[in-house]
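Colleague: need a structure here:
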Amino acid sequence: MDGAMETLAKLAPTITMLAVFALVFGGIRLVRAGDDSRTKGVLMLVCAAVLVGNVLIWTL
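Modeller: Predicted structure coming up:
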């Protein structure tokens, strides 16, 4: 069981960074689209920044 948890612990930052790239891409698209979706885009960018901070904490 420890092997599976260790593998997941190694994969977590990688999976999180993939999510960050998706959030940044989607957030920028929504911000550029304007209208009511601008707020959602900004929130996606903030979420991406928080996830990057978490990955930095995990890896230090």
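Colleague: So which residues of the chain form helices?
Modeller: Counting by DSSP state H, residue ranges of the helices within the chain are 2-33, 37-59.
Colleague: For these, which has the smallest mean pLDDT value?
Modeller: Across those, helix 2-33 has the smallest mean pLDDT, namely a mean of 91.
Colleague: Export the helices of the chain as a markdown table, with columns for mean neighbour count.
Modeller: Placement of C-beta: from N, CA and C, glycine included. Shown next, in a markdown table, are the helices of the chain (neighbours: other C-beta atoms under 10 Å):
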| stretch | mean neighbour count |
| --- | --- |
| helix 2-33 | 12 |
| helix 37-59 | 14 |
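Colleague: what separates the spatially most central residue of the chain from Thr39, distance-wise?
Modeller: By C-alpha atoms, centre = their mean, the chain has its centre lying nearest to Val20, at 2.7 Å. Here the criterion is C-beta to C-beta, to the nearest Å. By it, Val20 lies 20 Å from Thr39.
Colleague: same check, this time on Val55
Modeller: From Val55 to Thr39 the distance is 25 Å (C-beta to C-beta).
Colleague: again with Val31
Modeller: 9 Å.
Colleague: Next: Ala4.
Modeller: 40 Å.
Colleague: Lys40 contacts Ile28, doesn't it?
Modeller: No - if you go by C-beta atoms under 8 Å, Lys40 and Ile28 don't touch, sitting 11.9 Å apart.
Colleague: who touches the residue lying closest to Ala33 once chain neighbours are set aside in this structure?
Modeller: Distances taken as C-beta to C-beta, 6 or more residues apart in numbering put Gly41 closest to Ala33, at 7.5 Å, once the chain neighbours are dropped. Listed by C-beta atoms under 8 Å, 6 or more residues apart in numbering, the contact set of Gly41 reads Gly26, Gly27, Ile28, Arg29, Leu30, Val31, Arg32, Ala33.
Colleague: Fine, thanks again, bye for now.
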